[in-house]
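Novice: show me how the following folds:
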Amino acid sequence: MKITLDDIAMHVNGKVIGDPKISISGVSEIQNSISNTITFLGNPLYKKYLATTKAIAVLVKDAALLNGKNGIVVNNPQLAMAKTLELFFPNSKKIEKSIDRTAIISKNAVIGDNVKIDAGCVIQDGVHIGNHSIIGPNSIIGENTILGNYCNIFPNVSIYNNIILGDYVTVHSGTVIGSDGFGYVTTDNMHYKIPQTGNIIIGNNVEIGANCAIDRATIGSTIIKEMTKIDNLVHIAHNVVIGKGCLIAAGFAIAGSSFVGDFCTFGGQVGIAPHLEIGARTVVAGKSGVTKSLKGNNVYSGIPARQIKDYNKRMALINQVAKLREQLDGLIKTNLDN
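Specialist: I've put the predicted structure just below:
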């Protein structure tokens, strides 16, 4: 399929600068560009590669950056790049009903239209799988679990019993959904396990990365609301509620019964203590430790997590103390020498 610069501009709602009829063969990185492809400038740090890029066109926010090159001017080059990739890698492959002969499927399971179930899958009693969903090899869907339409379950995923997934949910390999919460009562030097009897509810358009663990509720539900995107190696404990539209980077862990508001963003390796409330549109920088509830619409950093302006002030003060210590050591040495 031939795709021109003009085709891309129409798809991303941008303005063509240069020759609209040039043919584009794909998308490449600006620092590792390939001839006849289109690239993008999303981060100003990569501006230095513009002069030497081999790409035939560039997605930019400011036309002046093109400096005679072909390109497309858009408000958000990174978003435009994502939409351009869709042109070259359309996610429109028609799913036809296909059940591998090695799959074990309960007679009491309900399988929707055009569902693909790969080799080694186990589908237990009472499962309901929505239309156009894919269950990858060796994945297990536990009793009475419900999957919506257009779900994509990658290989080696374990979804326990009584879990509810909405439409367009993607779960990557190695993830476990529905494992027991970490609940014990300690008495007389014995740890008594609290039965984990609740479930998990995952909203529409949620994506869960590889090797994540999401615990079922002790009583009630662990909830991940619609459009939240979760990176690899994330742990979400029992009875946690994650709001809609959140972005959660790798290594994040949140303890039981905490609540996260809508559209929050968490950097890598953030930890959140139990029974806390994180307000909507909170941003927490990577490697931070949240030990108390946070008000929304703020940026936090550090251990314990503080508003970033307070954190920066503290770090600046620590640097000043170090310099003062050096000066004091110098004065002491001078006095001793005298």
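Novice: ok, residues contacting stretch 142-152?
Specialist: Residues outside stretch 142-152 that contact it (CB atoms under 8 Å, 6 or more residues apart in numbering): 112, 124-134, 141, 153, 158-171, 178, 204. Every residue, glycine included, has its C-beta placed from N, CA and C.
Novice: drop anything exposed from these.
Specialist: 112, 124, 126-134, 141, 153, 158-171, 178, 204 (16 or more other CB atoms under 10 Å).
Novice: out of those residues, which are inside strands?
Specialist: The strands in this structure, assigned by DSSP state E, contain 128-129, 134, 141, 153, 158-159, 163-165, 170-171, 178 from the buried ones among the contacts of stretch 142-152.
Novice: state the pair within those residues that is farthest apart.
Specialist: Pairwise distances across these (CB to CB) peak at 19.4 Å, for the pair Ile134 and Gly178.
Novice: where do the helices sit along the stretch 1-150 of the chain?
Specialist: Applying DSSP state H, counting those that start in this stretch to the stretch 1-150 of the chain gives helices spanning 5-12, 77-88.
Novice: in CSV, list the ones you listed along with mean pLDDT, distance to Lys21 and mean neighbour count.
Specialist: CSV is the format used below for the helices of the stretch 1-150 of the chain (pLDDT from 0 to 100; distance: least, CB to CB, whole Å; neighbours: other CB atoms under 10 Å):
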stretch, mean pLDDT, distance to Lys21, mean neighbour count
helix 5-12, 97, 7, 19
helix 77-88, 95, 16, 18
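Novice: redo the ones you listed as CSV? Include distance to Gly183.
Specialist: Formatted as CSV, these follow (distance: least, CB to CB, whole Å):
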stretch, distance to Gly183
helix 5-12, 49
helix 77-88, 40
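Novice: do you know which of those lies nearest Ile30?
Specialist: Closest to Ile30 of those, according to CB to CB: helix 77-88, at 10.0 Å.
Novice: the closest one packs against which elements?
Specialist: Applying 3 or more CB pairs under 8 Å, 6 or more residues apart in numbering; DSSP states H and E, one finds that helix 77-88 contacts helix 5-12, strand 38-40, strand 57-60.
Novice: for stretch 30-49, how far is the first residue from the last?
Specialist: Terminal residues of stretch 30-49 are spaced 6 Å apart (CA to CA, to the nearest Å).
Novice: and the nearest residue to Ile22 once chain neighbours are set aside, how far from Thr84?
Specialist: The shortest distance from Ile22 to any non-neighbouring residue, by CB to CB, 6 or more residues apart in numbering, is to Leu5 (5.1 Å). Using CB to CB, to the nearest Å, Leu5 is found at 10 Å from Thr84.
Novice: do the same with Tyr184
Specialist: Per CB to CB, Tyr184 is found 51 Å from Thr84.
Novice: returning to that earlier point: okay, the helices and strands packed on helix 77-88 in a markdown table with distance to Lys244 next?
Specialist: Below are these laid out as a markdown table (distance: least, CB to CB, whole Å):
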| stretch | distance to Lys244 |
| --- | --- |
| helix 5-12 | 25 |
| strand 38-40 | 28 |
| strand 57-60 | 29 |
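Novice: indicate which one of the ones you listed is closest to Asp262.
Specialist: In terms of CB to CB, the element of the helices and strands packed on helix 77-88 nearest to Asp262 is helix 5-12, at 27.0 Å.
Novice: related to what we said a few turns ago, common neighbours of Leu5 and Thr84, please.
Specialist: Overlap of the contact sets of Leu5 and Thr84 (by CB under 8 Å, 6+ apart) consists of Ile38.
Novice: next, Val185: phi, psi?
Specialist: For Val185, the backbone dihedrals (degrees, to the nearest 10) come out as phi -110, psi 120.
Novice: thought Thr218 was touching it, still the case?
Specialist: No: taking contacts as CB atoms under 8 Å, Val185 lies outside contact range of Thr218: 11.3 Å.
Novice: right, so of the helices and strands packed on helix 77-88, which gets closest to Arg325?
Specialist: Closest among the helices and strands packed on helix 77-88, using CB to CB: strand 38-40, at 47.1 Å.
Novice: which other helices and strands does the closest one contact?
Specialist: Applying 3+ CB pairs under 8 Å, 6+ apart, one finds that strand 38-40 contacts strand 57-60, helix 77-88.
Novice: out of those, which gets nearest to Ile308?
Specialist: helix 77-88 (23.1 Å).
Novice: how about residues contacting the closest one?
Specialist: Contact with helix 77-88 is made by 3, 7-8, 11-12, 14, 26-27, 38, 40-42, 59-61, 72, 74, as judged by CB under 8 Å, 6+ apart.
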